[in-house]
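Asker: how would this look folded up:
(one chain, ligands or ions: 1)
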Amino acid sequence: MNARLDSLTGLKQGVSKPSYDRRRPSGIVHLGTGAFHKAHQAVYTDDALEGSGGDWMITGVSLRSPDVAAALNPQKGLYTLLTRGPEGTSARIVGSIAGVLVAPGDRAAVLAALTKPETRIVSLTITEKGYGLDPKTGGLDRNHPALAADLAEPTSMQSAVGLIVAALQHRRNRGQQPFTVLCCDNLPSNGKVLRRLALEFAAARNANMVPYLEGEVSFPSTMVDRITPASTDKTFADTLAATGREDYAAVETEPFSQWIIEDEFVAGRPEWEAGGALFVGDVAPYEKMKLRMLNGTHSMLAYSGFLAGHKYVRDVMADADLALLAARHMREAARTLEPVPGVDLQGYAGQLRERFANPAMAHETWQIAMDGSQKLPQRIIEPALIALRRGLPLDSYAFAVAAWMRYALGMTDRGDIYVLRDPRESEIATALAGSRRDANAVADHLLALPGLFPEELTGSAKWRDALQHKLQPMLAEGMRRAVAREAETCRV
Ligand code: CS2
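Answerer: From the prediction side, this is the model:
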(Lines give C-alpha, C1' and ligand atoms only; values in the text may rest on other atoms or scores of the structure.)
Protein backbone atom coordinates (compact mmCIF):
# COMPACT_ATOMS: atom_id res chain seq x y z
CA MET A 1 0.00 0.00 0.00
CA ASN A 2 1.33 3.40 -0.93
CA ALA A 3 0.76 6.34 1.39
CA ARG A 4 -1.90 8.79 0.29
CA LEU A 5 -1.25 12.48 -0.24
CA ASP A 6 -2.62 13.84 3.03
CA SER A 7 0.33 15.88 4.22
CA LEU A 8 3.19 17.77 2.67
CA THR A 9 5.93 15.61 4.14
CA GLY A 10 7.79 12.74 2.54
CA LEU A 11 7.27 13.84 -1.04
CA LYS A 12 9.85 12.94 -3.65
CA GLN A 13 12.49 15.52 -4.46
CA GLY A 14 11.67 18.06 -7.09
CA VAL A 15 7.96 18.21 -6.28
CA SER A 16 7.03 21.79 -5.46
CA LYS A 17 4.59 22.34 -2.61
CA PRO A 18 2.97 25.19 -0.73
CA SER A 19 4.94 26.79 2.09
CA TYR A 20 2.17 29.12 3.33
CA ASP A 21 0.00 28.41 6.35
CA ARG A 22 -3.14 26.72 5.03
CA ARG A 23 -5.12 27.26 8.25
CA ARG A 24 -6.42 30.61 7.13
CA PRO A 25 -10.06 31.47 6.35
CA SER A 26 -11.60 30.80 2.96
CA GLY A 27 -12.26 34.07 1.20
CA ILE A 28 -13.47 32.25 -1.91
CA VAL A 29 -16.30 29.80 -2.41
CA HIS A 30 -15.99 28.07 -5.76
CA LEU A 31 -18.97 26.40 -7.41
CA GLY A 32 -17.97 23.51 -9.71
CA THR A 33 -14.70 22.20 -8.30
CA GLY A 34 -13.78 20.03 -11.27
CA ALA A 35 -10.50 19.37 -13.06
CA PHE A 36 -10.48 22.73 -14.82
CA HIS A 37 -10.80 24.72 -11.62
CA LYS A 38 -8.06 22.62 -10.04
CA ALA A 39 -5.74 23.24 -13.00
CA HIS A 40 -6.52 26.93 -13.32
CA GLN A 41 -8.03 29.28 -10.72
CA ALA A 42 -6.89 27.16 -7.76
CA VAL A 43 -3.32 27.31 -9.09
CA TYR A 44 -3.40 31.10 -9.48
CA THR A 45 -4.74 31.28 -5.92
CA ASP A 46 -1.97 28.95 -4.71
CA ASP A 47 0.55 31.32 -6.31
CA ALA A 48 -1.14 34.35 -4.75
CA LEU A 49 -1.16 32.76 -1.28
CA GLU A 50 2.48 31.79 -1.69
CA GLY A 51 3.43 35.26 -2.92
CA SER A 52 1.52 37.57 -0.62
CA GLY A 53 -0.77 35.56 1.64
CA GLY A 54 -4.21 36.88 2.50
CA ASP A 55 -7.31 35.07 3.67
CA TRP A 56 -8.00 33.52 0.32
CA MET A 57 -8.25 29.80 0.76
CA ILE A 58 -10.99 28.23 -1.38
CA THR A 59 -13.99 26.28 -0.17
CA GLY A 60 -15.02 24.12 -3.11
CA VAL A 61 -18.60 23.16 -3.87
CA SER A 62 -19.75 20.38 -6.17
CA LEU A 63 -23.25 21.02 -7.42
CA ARG A 64 -23.86 17.49 -8.61
CA SER A 65 -21.41 14.67 -8.01
CA PRO A 66 -19.81 13.73 -4.67
CA ASP A 67 -16.71 12.30 -6.40
CA VAL A 68 -14.38 15.30 -6.10
CA ALA A 69 -15.21 15.71 -2.42
CA ALA A 70 -14.64 11.99 -1.83
CA ALA A 71 -11.16 12.22 -3.37
CA LEU A 72 -10.09 15.60 -1.98
CA ASN A 73 -11.44 15.76 1.56
CA PRO A 74 -9.48 12.80 2.98
CA GLN A 75 -6.39 14.63 1.62
CA LYS A 76 -7.35 17.86 3.42
CA GLY A 77 -7.85 19.46 0.02
CA LEU A 78 -4.30 18.74 -1.20
CA TYR A 79 -3.82 17.45 -4.72
CA THR A 80 -1.17 17.02 -7.36
CA LEU A 81 -1.05 18.98 -10.58
CA LEU A 82 0.92 17.29 -13.36
CA THR A 83 2.07 19.67 -16.07
CA ARG A 84 2.81 17.84 -19.30
CA GLY A 85 4.95 19.43 -21.95
CA PRO A 86 6.99 18.15 -24.86
CA GLU A 87 10.08 18.26 -22.59
CA GLY A 88 8.52 16.14 -19.85
CA THR A 89 6.14 16.17 -16.91
CA SER A 90 6.49 18.10 -13.66
CA ALA A 91 4.52 17.63 -10.45
CA ARG A 92 3.34 20.26 -8.01
CA ILE A 93 1.17 20.02 -4.94
CA VAL A 94 -1.57 22.66 -4.82
CA GLY A 95 -2.76 23.75 -1.38
CA SER A 96 -5.33 26.48 -2.00
CA ILE A 97 -8.46 24.33 -1.64
CA ALA A 98 -9.45 23.84 1.97
CA GLY A 99 -12.11 21.21 1.28
CA VAL A 100 -15.14 20.48 -0.86
CA LEU A 101 -18.85 20.51 0.02
CA VAL A 102 -21.44 18.60 -1.99
CA ALA A 103 -24.50 20.73 -2.59
CA PRO A 104 -27.13 18.03 -3.09
CA GLY A 105 -26.09 16.31 0.17
CA ASP A 106 -25.40 19.36 2.27
CA ARG A 107 -27.21 22.43 1.05
CA ALA A 108 -27.16 23.98 4.53
CA ALA A 109 -23.35 23.82 4.68
CA VAL A 110 -23.11 25.34 1.21
CA LEU A 111 -25.39 28.23 2.18
CA ALA A 112 -23.41 28.67 5.39
CA ALA A 113 -20.17 28.93 3.38
CA LEU A 114 -21.73 31.44 1.00
CA THR A 115 -23.03 33.59 3.82
CA LYS A 116 -19.94 33.56 6.07
CA PRO A 117 -18.56 37.08 6.61
CA GLU A 118 -15.13 35.95 5.34
CA THR A 119 -16.50 34.96 1.93
CA ARG A 120 -15.62 37.76 -0.46
CA ILE A 121 -15.64 36.07 -3.85
CA VAL A 122 -17.91 33.39 -5.27
CA SER A 123 -16.42 31.98 -8.45
CA LEU A 124 -17.89 29.46 -10.87
CA THR A 125 -16.87 26.79 -13.39
CA ILE A 126 -20.12 24.91 -13.90
CA THR A 127 -19.87 24.53 -17.72
CA GLU A 128 -22.08 26.27 -20.24
CA LYS A 129 -25.13 24.18 -19.44
CA GLY A 130 -24.98 24.94 -15.72
CA TYR A 131 -26.30 28.50 -16.06
CA GLY A 132 -29.72 27.80 -17.51
CA LEU A 133 -29.18 30.33 -20.27
CA ASP A 134 -31.82 30.35 -22.98
CA PRO A 135 -29.81 30.92 -26.19
CA LYS A 136 -32.82 32.42 -27.91
CA THR A 137 -33.68 35.11 -25.39
CA GLY A 138 -30.32 35.47 -23.65
CA GLY A 139 -32.32 35.19 -20.42
CA LEU A 140 -33.22 32.37 -18.04
CA ASP A 141 -34.28 29.06 -19.51
CA ARG A 142 -37.29 28.31 -17.33
CA ASN A 143 -37.21 24.66 -18.39
CA HIS A 144 -33.75 24.16 -16.92
CA PRO A 145 -34.51 21.59 -14.20
CA ALA A 146 -32.59 23.14 -11.30
CA LEU A 147 -33.71 26.68 -12.14
CA ALA A 148 -37.32 25.68 -12.60
CA ALA A 149 -37.22 24.04 -9.16
CA ASP A 150 -35.66 27.14 -7.59
CA LEU A 151 -38.15 29.49 -9.18
CA ALA A 152 -41.06 27.38 -7.99
CA GLU A 153 -39.94 26.56 -4.48
CA PRO A 154 -38.54 29.22 -2.11
CA THR A 155 -36.20 26.87 -0.26
CA SER A 156 -35.01 24.73 -3.15
CA MET A 157 -31.72 26.38 -4.20
CA GLN A 158 -30.37 23.73 -6.53
CA SER A 159 -29.11 26.00 -9.28
CA ALA A 160 -25.98 28.11 -9.14
CA VAL A 161 -27.93 31.28 -9.93
CA GLY A 162 -30.49 30.45 -7.23
CA LEU A 163 -27.80 29.78 -4.63
CA ILE A 164 -25.99 33.02 -5.38
CA VAL A 165 -29.11 35.19 -5.20
CA ALA A 166 -30.28 33.47 -2.01
CA ALA A 167 -26.86 33.88 -0.37
CA LEU A 168 -26.68 37.55 -1.30
CA GLN A 169 -30.13 38.08 0.13
CA HIS A 170 -29.08 36.51 3.45
CA ARG A 171 -26.03 38.72 3.51
CA ARG A 172 -27.99 41.84 2.81
CA ASN A 173 -30.59 41.00 5.47
CA ARG A 174 -27.83 40.50 8.02
CA GLY A 175 -25.99 43.67 7.04
CA GLN A 176 -22.93 41.79 5.77
CA GLN A 177 -20.88 42.98 2.84
CA PRO A 178 -21.72 41.41 -0.54
CA PHE A 179 -19.31 39.26 -2.51
CA THR A 180 -18.00 39.48 -6.05
CA VAL A 181 -19.46 36.90 -8.44
CA LEU A 182 -16.71 35.66 -10.75
CA CYS A 183 -17.78 33.59 -13.73
CA CYS A 184 -14.98 31.45 -15.19
CA ASP A 185 -16.84 29.55 -17.91
CA ASN A 186 -16.39 29.73 -21.67
CA LEU A 187 -19.27 32.08 -22.40
CA PRO A 188 -18.91 35.45 -24.11
CA SER A 189 -19.18 38.36 -21.65
CA ASN A 190 -19.60 35.70 -18.99
CA GLY A 191 -19.90 38.18 -16.12
CA LYS A 192 -22.56 40.20 -17.91
CA VAL A 193 -24.48 37.04 -18.76
CA LEU A 194 -24.45 35.84 -15.17
CA ARG A 195 -25.45 39.28 -13.91
CA ARG A 196 -28.40 39.31 -16.30
CA LEU A 197 -29.50 35.85 -15.16
CA ALA A 198 -29.16 36.77 -11.49
CA LEU A 199 -31.22 39.93 -12.02
CA GLU A 200 -33.92 38.04 -13.88
CA PHE A 201 -34.01 35.39 -11.17
CA ALA A 202 -34.25 38.05 -8.48
CA ALA A 203 -36.99 39.91 -10.35
CA ALA A 204 -39.01 36.67 -10.46
CA ARG A 205 -38.34 35.57 -6.89
CA ASN A 206 -37.28 38.46 -4.67
CA ALA A 207 -37.79 41.68 -6.54
CA ASN A 208 -36.42 43.79 -3.70
CA MET A 209 -33.02 42.27 -4.43
CA VAL A 210 -32.81 43.83 -7.90
CA PRO A 211 -31.48 47.27 -6.89
CA TYR A 212 -29.06 45.64 -4.45
CA LEU A 213 -27.66 43.33 -7.12
CA GLU A 214 -27.42 46.24 -9.51
CA GLY A 215 -25.75 48.59 -7.11
CA GLU A 216 -23.71 46.57 -4.63
CA VAL A 217 -22.57 43.37 -6.32
CA SER A 218 -20.02 43.08 -9.12
CA PHE A 219 -19.86 40.43 -11.83
CA PRO A 220 -16.50 40.88 -13.60
CA SER A 221 -16.05 39.01 -16.86
CA THR A 222 -13.05 36.74 -17.28
CA MET A 223 -11.30 34.82 -20.02
CA VAL A 224 -9.91 31.53 -18.77
CA ASP A 225 -7.62 29.25 -20.71
CA ARG A 226 -5.81 26.04 -19.90
CA ILE A 227 -6.33 22.76 -21.71
CA THR A 228 -7.23 20.19 -19.08
CA PRO A 229 -8.04 16.63 -20.10
CA ALA A 230 -10.12 14.48 -17.76
CA SER A 231 -7.90 12.54 -15.34
CA THR A 232 -7.29 8.88 -16.15
CA ASP A 233 -5.53 5.92 -14.54
CA LYS A 234 -2.36 7.14 -16.22
CA THR A 235 -2.69 10.49 -14.40
CA PHE A 236 -2.84 8.64 -11.09
CA ALA A 237 0.01 6.23 -11.95
CA ASP A 238 2.27 9.06 -13.12
CA THR A 239 1.39 11.06 -10.01
CA LEU A 240 2.44 8.20 -7.76
CA ALA A 241 5.69 7.79 -9.69
CA ALA A 242 6.45 11.52 -9.55
CA THR A 243 5.50 12.27 -5.93
CA GLY A 244 5.62 8.93 -4.10
CA ARG A 245 2.03 9.54 -2.96
CA GLU A 246 -1.23 8.01 -4.06
CA ASP A 247 -3.62 10.76 -5.18
CA TYR A 248 -6.96 10.16 -6.85
CA ALA A 249 -7.65 13.88 -6.90
CA ALA A 250 -4.67 14.52 -9.19
CA VAL A 251 -5.21 16.49 -12.39
CA GLU A 252 -3.07 16.96 -15.44
CA THR A 253 -2.73 19.96 -17.69
CA GLU A 254 -0.54 21.76 -20.22
CA PRO A 255 2.23 24.31 -19.47
CA PHE A 256 0.24 27.21 -20.99
CA SER A 257 -2.18 29.09 -18.79
CA GLN A 258 -3.99 32.38 -19.20
CA TRP A 259 -6.45 34.32 -17.08
CA ILE A 260 -7.69 37.77 -18.07
CA ILE A 261 -10.02 39.46 -15.61
CA GLU A 262 -11.95 42.70 -15.28
CA ASP A 263 -10.72 44.32 -12.10
CA GLU A 264 -14.06 45.00 -10.42
CA PHE A 265 -14.07 43.33 -7.03
CA VAL A 266 -16.43 44.73 -4.41
CA ALA A 267 -14.69 43.08 -1.46
CA GLY A 268 -11.05 42.68 -2.48
CA ARG A 269 -9.26 39.87 -4.29
CA PRO A 270 -6.11 37.75 -4.10
CA GLU A 271 -3.01 38.94 -5.90
CA TRP A 272 -3.58 36.61 -8.80
CA GLU A 273 -0.95 38.58 -10.72
CA ALA A 274 1.51 36.31 -8.88
CA GLY A 275 0.34 33.46 -11.14
CA GLY A 276 0.39 35.65 -14.24
CA ALA A 277 -3.25 36.83 -14.33
CA LEU A 278 -3.81 39.96 -16.38
CA PHE A 279 -6.27 42.61 -15.18
CA VAL A 280 -7.95 44.70 -17.87
CA GLY A 281 -10.86 47.09 -18.24
CA ASP A 282 -12.69 45.03 -20.86
CA VAL A 283 -12.26 41.30 -21.35
CA ALA A 284 -14.61 41.01 -24.35
CA PRO A 285 -11.97 41.14 -27.13
CA TYR A 286 -9.90 38.41 -25.45
CA GLU A 287 -12.94 36.25 -24.79
CA LYS A 288 -14.10 36.44 -28.39
CA MET A 289 -10.61 35.61 -29.62
CA LYS A 290 -10.36 32.57 -27.41
CA LEU A 291 -13.89 31.31 -27.98
CA ARG A 292 -13.71 31.62 -31.76
CA MET A 293 -10.09 30.69 -32.43
CA LEU A 294 -9.34 28.12 -29.72
CA ASN A 295 -12.70 26.69 -28.74
CA GLY A 296 -14.25 26.95 -32.21
CA THR A 297 -11.34 25.09 -33.77
CA HIS A 298 -11.40 22.59 -30.90
CA SER A 299 -15.06 21.81 -31.53
CA MET A 300 -14.58 21.50 -35.29
CA LEU A 301 -11.63 19.15 -34.74
CA ALA A 302 -13.45 17.17 -32.08
CA TYR A 303 -16.43 16.23 -34.28
CA SER A 304 -14.49 15.65 -37.48
CA GLY A 305 -11.46 14.12 -35.73
CA PHE A 306 -13.51 11.72 -33.61
CA LEU A 307 -15.38 10.49 -36.66
CA ALA A 308 -12.17 10.24 -38.69
CA GLY A 309 -10.95 7.78 -36.05
CA HIS A 310 -8.73 9.99 -33.85
CA LYS A 311 -8.98 9.52 -30.11
CA TYR A 312 -6.82 12.49 -29.06
CA VAL A 313 -6.40 16.07 -30.30
CA ARG A 314 -2.65 15.43 -30.74
CA ASP A 315 -3.51 12.65 -33.25
CA VAL A 316 -5.85 15.01 -35.06
CA MET A 317 -3.01 17.52 -35.37
CA ALA A 318 -0.70 14.81 -36.71
CA ASP A 319 -3.20 14.23 -39.53
CA ALA A 320 -2.02 16.61 -42.27
CA ASP A 321 -5.53 17.15 -43.65
CA LEU A 322 -7.08 18.01 -40.29
CA ALA A 323 -4.10 20.17 -39.30
CA LEU A 324 -4.74 22.16 -42.45
CA LEU A 325 -8.41 22.53 -41.59
CA ALA A 326 -7.45 23.66 -38.08
CA ALA A 327 -5.18 26.34 -39.52
CA ARG A 328 -7.92 27.47 -41.88
CA HIS A 329 -10.49 27.64 -39.11
CA MET A 330 -8.24 29.78 -36.92
CA ARG A 331 -7.45 32.08 -39.83
CA GLU A 332 -11.12 32.52 -40.70
CA ALA A 333 -12.14 33.01 -37.07
CA ALA A 334 -9.47 35.71 -36.72
CA ARG A 335 -11.07 37.62 -39.60
CA THR A 336 -14.26 38.07 -37.57
CA LEU A 337 -12.44 39.76 -34.65
CA GLU A 338 -11.73 43.38 -33.88
CA PRO A 339 -8.09 44.02 -32.97
CA VAL A 340 -7.20 42.48 -29.61
CA PRO A 341 -4.97 44.72 -27.46
CA GLY A 342 -1.40 43.47 -27.42
CA VAL A 343 -2.11 40.29 -29.39
CA ASP A 344 -0.84 39.33 -32.81
CA LEU A 345 -3.56 36.96 -34.01
CA GLN A 346 -1.28 35.08 -36.38
CA GLY A 347 1.14 34.43 -33.56
CA TYR A 348 -1.78 33.39 -31.33
CA ALA A 349 -2.92 30.89 -33.96
CA GLY A 350 0.58 29.43 -34.23
CA GLN A 351 0.73 29.03 -30.46
CA LEU A 352 -2.69 27.32 -30.47
CA ARG A 353 -1.56 24.83 -33.09
CA GLU A 354 1.48 23.98 -30.99
CA ARG A 355 -0.65 23.56 -27.89
CA PHE A 356 -3.09 21.27 -29.70
CA ALA A 357 -0.18 19.20 -31.04
CA ASN A 358 1.49 18.81 -27.60
CA PRO A 359 2.54 15.14 -27.77
CA ALA A 360 2.37 14.71 -23.99
CA MET A 361 -1.31 15.65 -23.73
CA ALA A 362 -3.95 12.96 -24.12
CA HIS A 363 -6.98 15.21 -24.68
CA GLU A 364 -9.87 13.16 -26.00
CA THR A 365 -11.88 14.40 -28.95
CA TRP A 366 -14.91 12.76 -27.31
CA GLN A 367 -14.45 14.95 -24.22
CA ILE A 368 -14.53 18.14 -26.28
CA ALA A 369 -17.41 16.87 -28.43
CA MET A 370 -19.85 16.82 -25.50
CA ASP A 371 -22.51 19.50 -25.01
CA GLY A 372 -22.36 20.68 -28.63
CA SER A 373 -25.71 22.47 -28.43
CA GLN A 374 -24.31 24.61 -25.61
CA LYS A 375 -20.96 25.32 -27.24
CA LEU A 376 -21.76 25.98 -30.90
CA PRO A 377 -23.48 29.38 -30.48
CA GLN A 378 -20.49 31.31 -29.13
CA ARG A 379 -17.81 29.22 -30.84
CA ILE A 380 -19.12 28.74 -34.38
CA ILE A 381 -22.53 30.27 -34.98
CA GLU A 382 -21.69 33.82 -33.89
CA PRO A 383 -18.60 34.13 -36.13
CA ALA A 384 -20.51 32.38 -38.95
CA LEU A 385 -23.13 35.10 -38.74
CA ILE A 386 -20.48 37.82 -38.85
CA ALA A 387 -18.87 36.12 -41.87
CA LEU A 388 -22.25 35.97 -43.61
CA ARG A 389 -22.91 39.66 -42.98
CA ARG A 390 -19.49 40.68 -44.19
CA GLY A 391 -19.47 38.44 -47.25
CA LEU A 392 -16.53 36.39 -45.92
CA PRO A 393 -16.19 32.70 -46.84
CA LEU A 394 -18.55 30.40 -44.91
CA ASP A 395 -16.67 27.16 -45.59
CA SER A 396 -14.94 26.68 -42.26
CA TYR A 397 -18.13 27.33 -40.22
CA ALA A 398 -20.29 25.26 -42.53
CA PHE A 399 -17.76 22.44 -42.28
CA ALA A 400 -17.72 22.67 -38.48
CA VAL A 401 -21.52 22.73 -38.17
CA ALA A 402 -21.84 19.89 -40.69
CA ALA A 403 -19.34 17.85 -38.64
CA TRP A 404 -21.46 18.50 -35.51
CA MET A 405 -24.60 17.44 -37.38
CA ARG A 406 -22.89 14.28 -38.57
CA TYR A 407 -21.67 13.66 -35.02
CA ALA A 408 -25.21 14.18 -33.71
CA LEU A 409 -26.25 10.98 -35.51
CA GLY A 410 -24.50 9.07 -32.71
CA MET A 411 -22.89 6.42 -34.88
CA THR A 412 -19.45 6.17 -36.49
CA ASP A 413 -18.97 5.34 -40.16
CA ARG A 414 -18.20 1.75 -39.07
CA GLY A 415 -21.51 1.55 -37.26
CA ASP A 416 -20.25 1.90 -33.67
CA ILE A 417 -22.68 3.72 -31.43
CA TYR A 418 -21.56 6.43 -28.99
CA VAL A 419 -23.38 8.60 -26.48
CA LEU A 420 -23.86 12.22 -27.48
CA ARG A 421 -23.68 13.66 -23.96
CA ASP A 422 -25.66 16.80 -24.65
CA PRO A 423 -28.45 18.26 -22.54
CA ARG A 424 -30.57 18.45 -25.72
CA GLU A 425 -29.72 14.87 -26.66
CA SER A 426 -33.28 13.53 -26.75
CA GLU A 427 -34.57 16.51 -28.72
CA ILE A 428 -31.75 15.99 -31.22
CA ALA A 429 -32.51 12.27 -31.52
CA THR A 430 -36.19 13.01 -32.09
CA ALA A 431 -35.33 15.63 -34.73
CA LEU A 432 -33.17 13.12 -36.57
CA ALA A 433 -35.47 10.10 -36.38
CA GLY A 434 -36.04 8.76 -39.87
CA SER A 435 -33.69 11.13 -41.68
CA ARG A 436 -30.22 9.84 -41.08
CA ARG A 437 -28.74 9.61 -44.55
CA ASP A 438 -30.24 12.57 -46.35
CA ALA A 439 -28.08 15.68 -45.94
CA ASN A 440 -30.95 18.07 -46.68
CA ALA A 441 -33.24 16.46 -44.12
CA VAL A 442 -30.55 16.21 -41.42
CA ALA A 443 -29.58 19.85 -41.92
CA ASP A 444 -33.20 21.05 -42.04
CA HIS A 445 -34.15 19.24 -38.86
CA LEU A 446 -31.17 20.36 -36.84
CA LEU A 447 -31.31 23.93 -38.12
CA ALA A 448 -34.89 23.99 -36.85
CA LEU A 449 -33.96 23.12 -33.24
CA PRO A 450 -35.58 25.94 -31.25
CA GLY A 451 -33.24 28.76 -30.34
CA LEU A 452 -30.01 27.26 -31.61
CA PHE A 453 -29.47 28.90 -35.00
CA PRO A 454 -30.58 32.50 -35.56
CA GLU A 455 -33.10 33.16 -38.32
CA GLU A 456 -30.59 35.27 -40.18
CA LEU A 457 -28.59 32.09 -40.73
CA THR A 458 -31.39 29.56 -41.19
CA GLY A 459 -33.07 31.90 -43.66
CA SER A 460 -29.93 32.36 -45.73
CA ALA A 461 -29.79 30.27 -48.90
CA LYS A 462 -26.03 30.84 -49.00
CA TRP A 463 -25.61 29.31 -45.54
CA ARG A 464 -27.93 26.38 -46.21
CA ASP A 465 -26.15 25.58 -49.47
CA ALA A 466 -22.74 25.75 -47.85
CA LEU A 467 -23.88 23.50 -45.03
CA GLN A 468 -25.48 20.88 -47.25
CA HIS A 469 -22.45 20.92 -49.49
CA LYS A 470 -20.23 19.98 -46.53
CA LEU A 471 -22.62 17.51 -44.95
CA GLN A 472 -23.39 15.56 -48.09
CA PRO A 473 -19.92 13.94 -48.51
CA MET A 474 -19.72 13.26 -44.77
CA LEU A 475 -22.89 11.16 -45.03
CA ALA A 476 -22.22 9.63 -48.42
CA GLU A 477 -18.51 8.81 -48.20
CA GLY A 478 -17.65 8.93 -44.54
CA MET A 479 -15.76 11.53 -42.49
CA ARG A 480 -12.27 10.40 -43.51
CA ARG A 481 -12.96 11.01 -47.20
CA ALA A 482 -14.90 14.20 -46.50
CA VAL A 483 -11.97 15.60 -44.53
CA ALA A 484 -9.53 14.75 -47.35
CA ARG A 485 -11.86 16.37 -49.86
CA GLU A 486 -12.22 19.52 -47.75
CA ALA A 487 -8.47 19.76 -47.21
CA GLU A 488 -7.97 19.54 -50.98
CA THR A 489 -10.07 22.66 -51.43
CA CYS A 490 -7.70 24.50 -49.06
CA ARG A 491 -4.62 23.43 -51.02
CA VAL A 492 -5.70 24.82 -54.35
C1 CS2 B 1 -12.61 22.59 -24.88
C2 CS2 B 1 -12.25 23.47 -23.71
O3 CS2 B 1 -13.85 20.79 -23.99
C4 CS2 B 1 -13.90 21.82 -24.66
O5 CS2 B 1 -14.94 22.21 -25.14
O6 CS2 B 1 -12.69 23.36 -26.03
O7 CS2 B 1 -12.46 22.84 -22.50
C8 CS2 B 1 -10.80 23.97 -23.81
O9 CS2 B 1 -9.89 22.92 -23.65
C10 CS2 B 1 -10.55 25.04 -22.79
O11 CS2 B 1 -11.46 26.07 -22.94
C12 CS2 B 1 -9.11 25.55 -22.91
O13 CS2 B 1 -8.96 26.66 -22.10
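
Asker: where does I28 fall, helix, sheet strand or coil?
Answerer: Classification of I28 using DSSP: H, G, I helix; E, B strand; the rest coil returns strand.

Asker: and the chain, which of its residues are near the ligand?
Answerer: 186, 225-227, 295, 298, 367-368, 375 (Cβ under 6 Å from any ligand atom). From N, CA and C alone the C-beta is placed, and that goes for glycine too.

Asker: mind running it again at 5 Å?
Answerer: Applying Cβ under 5 Å from any ligand atom, one finds that the chain approaches the ligand through 225, 227, 295, 298, 368.

Asker: What about these, which are in helices?
Answerer: Cross-referencing these against helices under DSSP state H gives 298, 368.

Asker: Export the residues of the chain next to the ligand to TSV and append columns for neighbour count and pLDDT.
Answerer: Below are those laid out as TSV (neighbours: other Cβ atoms under 10 Å; pLDDT from 0 to 100):
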residue	neighbour count	pLDDT
D225	19	98
I227	23	98
N295	18	98
H298	24	98
I368	22	98
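
Asker: nearest to A91, of the residues of the chain next to the ligand?
Answerer: Nearest to A91, judged by Cβ to Cβ, of these is I227 at 17.8 Å.

Asker: if I read this right, that closest one contacts E254, doesn't it?
Answerer: Yes: between I227 and E254 a contact is recorded at 4.8 Å, counting by Cβ atoms under 8 Å.

Asker: May I ask which helix or strand of the protein has the lowest mean pLDDT?
Answerer: In the chain, no helix or strand scores lower on mean pLDDT, DSSP states H and E than helix 145-152, which sits at a mean of 94.

Asker: Now find how far off-centre that one is within its chain.
Answerer: Relative to its chain's centre, helix 145-152 lies at 23 Å (Cα atoms, centre = their mean, to the nearest Å).

Asker: list the helices and strands that helix packs on?
Answerer: Contacts defined by 3 or more Cβ pairs under 8 Å, 6 or more residues apart in numbering; DSSP states H and E place helix 145-152 against helix 160-173, helix 190-205.

Asker: Summarise which helices and strands the longest one is packed against.
Answerer: Under the contact criterion of 3+ Cβ pairs under 8 Å, 6+ apart, helix 190-205 touches helix 145-152, helix 160-173, strand 180-183, helix 210-216.

Asker: how much does it deviate in direction from helix 160-173?
Answerer: 70 degrees (axes from the mean of the first three to the mean of the last three Cα atoms, to 10 degrees).

Asker: Buried residues of helix 190-205, list them for me.
Answerer: Neighbour counts using 16 or more other Cβ atoms under 10 Å place 190-202, 205 of helix 190-205 among the buried residues.

Asker: Kindly report the same for stretch 254-271.
Answerer: Quick answer for stretch 254-271 (16+ other Cβ under 10 Å): 254-255, 257, 259-262, 265-267, 269-271.

Asker: any idea how far L133 is from V181?
Answerer: 15 Å (Cβ to Cβ, to the nearest Å).

Asker: who's more crowded, the two?
Answerer: Neighbour totals were compared for L133 and V181, and V181 leads with 26 against 23 (other Cβ atoms under 10 Å).

Asker: The more buried one contacts V122, doesn't it?
Answerer: Yes: taking contacts as Cβ under 8 Å, V181 lies within contact range of V122: 5.4 Å.

Asker: Can you name the residue of the stretch 1-150 of the chain nearest the ligand?
Answerer: F36 (6.8 Å; Cβ to the nearest ligand atom).

Asker: Which strand or helix spans that residue?
Answerer: F36 belongs to helix 35-39 when assigned by DSSP states H and E.

Asker: Only the buried residues of the helix or strand following that helix, if you could.
Answerer: Sequence order places helix 41-52 as the next helix or strand after helix 35-39, per DSSP H and E. Neighbour-count burial for helix 41-52 flags 41-50 (criterion: 16+ other Cβ under 10 Å).

Asker: now what about helix 41-52, what contacts it?
Answerer: Residues outside helix 41-52 that contact it (Cβ atoms under 8 Å, 6 or more residues apart in numbering) are 18-20, 24, 28, 30, 54, 56-58, 81, 94-97, 123, 125, 184, 224, 257, 259, 270-277.

Asker: Got a PyMOL select line for the buried ones in those?
Answerer: The PyMOL selection below is limited to those of the contacts of helix 41-52 classed as buried (16+ other Cβ under 10 Å):
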select buried, resi 18+20+28+30+54+56+57+58+81+94+95+96+97+123+125+184+224+257+259+270+271+272+273+274+275+277
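
Asker: Restricted to strands, list the contacts of helix 41-52.
Answerer: Among those, DSSP state E puts 28, 30, 57-58, 81, 94, 97, 123, 224, 259 in strands.

Asker: would a markdown table of those residues with pLDDT and distance to A318 be doable?
Answerer: Formatted as a markdown table, the ones in strands among the contacts of helix 41-52 follow (pLDDT from 0 to 100; distance: Cβ to Cβ, whole Å):
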| residue | pLDDT | distance to A318 |
| --- | --- | --- |
| I28 | 98 | 40 |
| H30 | 98 | 36 |
| M57 | 98 | 42 |
| I58 | 98 | 37 |
| L81 | 98 | 26 |
| V94 | 98 | 31 |
| I97 | 98 | 36 |
| S123 | 98 | 36 |
| V224 | 98 | 27 |
| W259 | 98 | 29 |
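
Asker: dump the residue contacts of A250.
Answerer: Applying Cβ under 8 Å, 6+ apart, the residues near A250 are 79-82, 231, 235-236, 239.

Asker: could you list every residue that touches the residue in the stretch 51-200 of the chain positioned nearest to the ligand?
Answerer: Here the residue of the stretch 51-200 of the chain nearest the ligand is N186; by Cβ to the nearest ligand atom that distance is 5.1 Å. Applying Cβ under 8 Å, 6+ apart to N186 gives the contacts 128, 224, 290-291, 295, 375, 378.

Asker: now, among the residues you listed, which is nearest to L447?
Answerer: Nearest member of these to L447, counting by Cβ to Cβ, is K375, at 16.8 Å.

Asker: correct me, but that closest one touches N295?
Answerer: Yes: the criterion here is Cβ under 8 Å, and K375 meets it with N295 at 6.9 Å.

Asker: tally of neighbours for the residue nearest to G162 when sequence neighbours are not counted?
Answerer: Once flanking residues are discounted, G162 sits nearest to D150: 3.3 Å by Cβ to Cβ, 6 or more residues apart in numbering. A count of nearby residues for D150, using other Cβ under 10 Å, gives 25.

Asker: do the same with A71
Answerer: A71 has 17 neighbouring residues, counting by other Cβ under 10 Å.

Asker: If anything else comes up later, I'll come back, but that's it for now.
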